[in-house]
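Novice: Turn this into a structure:
(one chain, ligands or ions: 2)
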Amino acid sequence: MKNVVIIGASGYSGAELASLIAKHPHFSLKGCYVSEQSLDKNKLLSELYPEHTGLLDTFLLPLTEQALNVISDQADYVCLCTDHKVSVELAPKFLALGKKVFDLSGGYRLANSDDYDNYYGFEHPSPDWLEKAQYGLAEWYAPEIKKAQLIAVAGCYPTAALNALKPLKDANLLSDEPVIINAVSGVTGAGRKANMATHFCEVSLAPYGLFNHRHTPEISQYLEHPVLFTPHLGNFARGILETIYIKLKPNTSAAHVEQAYQVLADEPLIRLKGSVLPSVKGVVKQPYVDIGWQQQGEQLIVVVAIDNLLKGAAGQAIQCMNIVNEQPSYLGLKENNV
Ligand SMILES: NC(=O)C1=CN([C@@H]2O[C@H](COP(=O)(O)OP(=O)(O)OC[C@H]3O[C@@H](n4cnc5c(N)ncnc54)[C@H](OP(=O)(O)O)[C@@H]3O)[C@@H](O)[C@H]2O)C=CC1
Ligand SMILES: CC(=O)N[C@@H](CCC(=O)OP(=O)(O)O)C(=O)O
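Specialist: Ligands and ions are numbered 1, 2, ... in the order given. Down below sits the predicted model:
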């Protein structure tokens, strides 16, 4: 058994992760933490999420200096379900204690520290750890994830986009033009903290972050191809749907596209749907990536759907933890059909 501690356990991704760990055959939930000032400290996690009564009757503890000593003694794995700015400060502390750190934030995903000034609005405080961090896109980097001490679990929108596009890029089917990604996310993607722009009653369907969303460099870095990425916030609770417009290289046939996707055919958490187009409904509360596509000549439209809190966050974190623990990556995800 590996002992796991979650920092930021009261948030949407943290609570989702806590529920997966509590049910996992090889992980034991050793502690759930929030900030020292949290309004939720010393409450039961199941008080915030009553659907987990019985499973998560675990106290939310403040992350004090004393708590760091307890974590030092008790934890094998530390999961950071905190804002990027919090994660970049916390990760080196746990890494110095020799812990394996799984960071669900974007704090360690980008290779170039200048991108943190440009897209995240802060100077990265640990360029050395940034260099050592391994990107946690489970289906693509398992050997590297297995060896790393710091895993930067891939972002939600990038997880969908990269699984849809990397097969085509690797098969050399993309023309040089930027790929256009139109994405819609449910409101849980914005986290649990109250905010007028993401208040459920205020949300209709609107784009945001044109040209400058932090997932633009994340997608283009790991795709090694330019992208035009436009996220939208939709009036549903969870799920992401991306419609991706691709200009193919001349003479690319349907068989070439089909063949390219075969690289993912045996992945237990990827469902290739061919010309049947995915929907949010098909993936909500599911650990899967659903990918469908249709082609007309050199134009290819790929549609990809994930649950932002599972494959886009907690589910993929579990995959990375399984890989580090030398277990099948879907353990605790697929067989329970979460
Ligand atoms: N929501 C999603 O769909 C996805 C989120 N992510 C990433 O995961 C991370 C968490 O996101 P999400 O769950 O949505 O966020 P939430 O806002 O829902 O939760 C944030 C959590 O962090 C805690 N927290 C805040 N400050 C501190 C601190 N200084 N020390 C310890 N705990 C702290 C909060 O509790 P309190 O403030 O009460 O202390 C809360 O538990 C973010 O980096 C996000 O980008 C990644 C993929 C998808
Ligand atoms: C709807 C919404 O606001 N989504 C968030 C992305 C989700 C998230 O938390 O980002 P990471 O996957 O990078 O951690 C956003 O656009 O900032």
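Novice: in the stretch 201-338 of the chain, which spans are strands?
Specialist: Counting by DSSP state E, counting those that start in this stretch, the stretch 201-338 of the chain has these strands, from start to end: 205-207, 227-234, 240-247, 270-272, 289-296, 299-306.
Novice: From ligand 1, how far out is the residue nearest to Thr159 when sequence neighbours are not counted?
Specialist: Closest residue in space to Thr159, ignoring its immediate chain neighbours: Gly312 at 5.4 Å, by C-beta to C-beta, 6 or more residues apart in numbering. All C-beta spots, glycine's among them, are computed from the backbone N, C-alpha and C. Look at Gly312 and ligand 1: by C-beta to the nearest ligand atom, to the nearest Å, they are 5 Å apart.
Novice: And for Ser253?
Specialist: Taking C-beta to the nearest ligand atom as the measure, Ser253 falls 36 Å from ligand 1.
Novice: do you know how far that residue is from Ile291?
Specialist: Using C-beta to C-beta, to the nearest Å, Ser253 is found at 18 Å from Ile291.
Novice: For this protein, what lies in contact range of ligand 1?
Specialist: 7-14, 33-35, 38-40, 63, 81-84, 86, 104-106, 155-156, 188-189, 191-193, 308-309, 312-313 (C-beta under 6 Å from any ligand atom).
Novice: From the residues you listed, keep the buried residues only.
Specialist: Among the residues of the chain next to ligand 1, those buried by neighbour count (16 or more other C-beta atoms under 10 Å) are 7-14, 33-35, 38, 40, 63, 81-82, 84, 86, 104-106, 155-156, 188-189, 192, 308-309, 312-313.
Novice: State which helix of this protein is the longest.
Specialist: In the chain, with assignment by DSSP state H, the single longest helix is helix 156-170.
Novice: How about Ala9: what's its closest non-neighbour residue?
Specialist: Ala9's closest residue in space is Cys32 (C-beta to C-beta, 6+ apart), at 3.5 Å.
Novice: Looks to me like that neighbour is in a helix.
Specialist: No - membership of Cys32 in a helix is not supported by DSSP: H, G, I helix; E, B strand; the rest coil, which gives strand.
Novice: is it true that Ser286 touches Leu310?
Specialist: One correction, residue 286 is Gln, not Ser. Yes - if you go by C-beta atoms under 8 Å, Gln286 and Leu310 touch, sitting 6.6 Å apart.
Novice: neighbour-wise, which of the two wins?
Specialist: For Gln286 versus Leu310, neighbours defined as other C-beta atoms under 10 Å are more numerous around Leu310 (28 against 22).
Novice: if we can go back for a sec, looking at Ser253 and Ile291, which has the bigger crowd around it?
Specialist: More crowded of Ser253 and Ile291, by other C-beta under 10 Å: Ile291, with 26 against 11.
Novice: what's near enough to touch that one?
Specialist: Ile291 makes contact with 163-164, 261, 264, 270-273, 278, 302-304, according to C-beta atoms under 8 Å, 6 or more residues apart in numbering.
Novice: one more time with 7 Å, if that's ok
Specialist: The contact partners of Ile291, by C-beta atoms under 7 Å, 6 or more residues apart in numbering, come to 163-164, 261, 270, 272-273, 278, 302, 304.
Novice: Can you say which of the residues you listed are buried?
Specialist: Buried by 16+ other C-beta under 10 Å: 163-164, 261, 270, 272, 278, 302, 304, out of the contacts of Ile291.
Novice: Dump those residues into a markdown table; add pLDDT as well.
Specialist: Listed next are those as a markdown table, based on pLDDT from 0 to 100:
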| residue | pLDDT |
| --- | --- |
| Asn163 | 99 |
| Ala164 | 99 |
| Tyr261 | 98 |
| Ile270 | 98 |
| Leu272 | 98 |
| Pro278 | 98 |
| Val302 | 99 |
| Val304 | 99 |
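Novice: Provide a list of residues in contact with the residue of the chain found nearest ligand 1.
Specialist: The minimum distance from the chain to ligand 1, using C-beta to the nearest ligand atom, falls at Gly11 (1.9 Å). If you count contacts by C-beta under 7 Å, 6+ apart, Gly11 has them with 81, 191-192.
Novice: Could I get the phi/psi values of it?
Specialist: Dihedral pair for Gly11: phi -80, psi 180, per degrees, to the nearest 10.
Novice: Ala152 now?
Specialist: phi -90, psi 90.
Novice: one step back: pick out whichever of the contacts of Ile291 sits closest to Gln327.
Specialist: Ile270 (18.3 Å; C-beta to C-beta).
Novice: can I assume Tyr330 is in contact with Leu269?
Specialist: Yes - here Tyr330 lies in contact with Leu269, judged by C-beta atoms under 7 Å, at a distance of 5.6 Å.
Novice: near ligand 2, which residues of the stretch 101-250 of the chain show up?
Specialist: Applying C-beta under 6 Å from any ligand atom, one finds that the stretch 101-250 of the chain approaches ligand 2 through 105-106, 155-156, 185, 189-190, 231, 233.
Novice: swap the cut-off to 5 Å and go again
Specialist: For the stretch 101-250 of the chain, the residues in contact with ligand 2 (C-beta under 5 Å from any ligand atom) are 106, 155-156, 185, 189-190.
Novice: I figured Gly106 hits Cys156, correct?
Specialist: No - Gly106 lies out of contact with Cys156 (C-beta under 7 Å); the separation is 10.0 Å.
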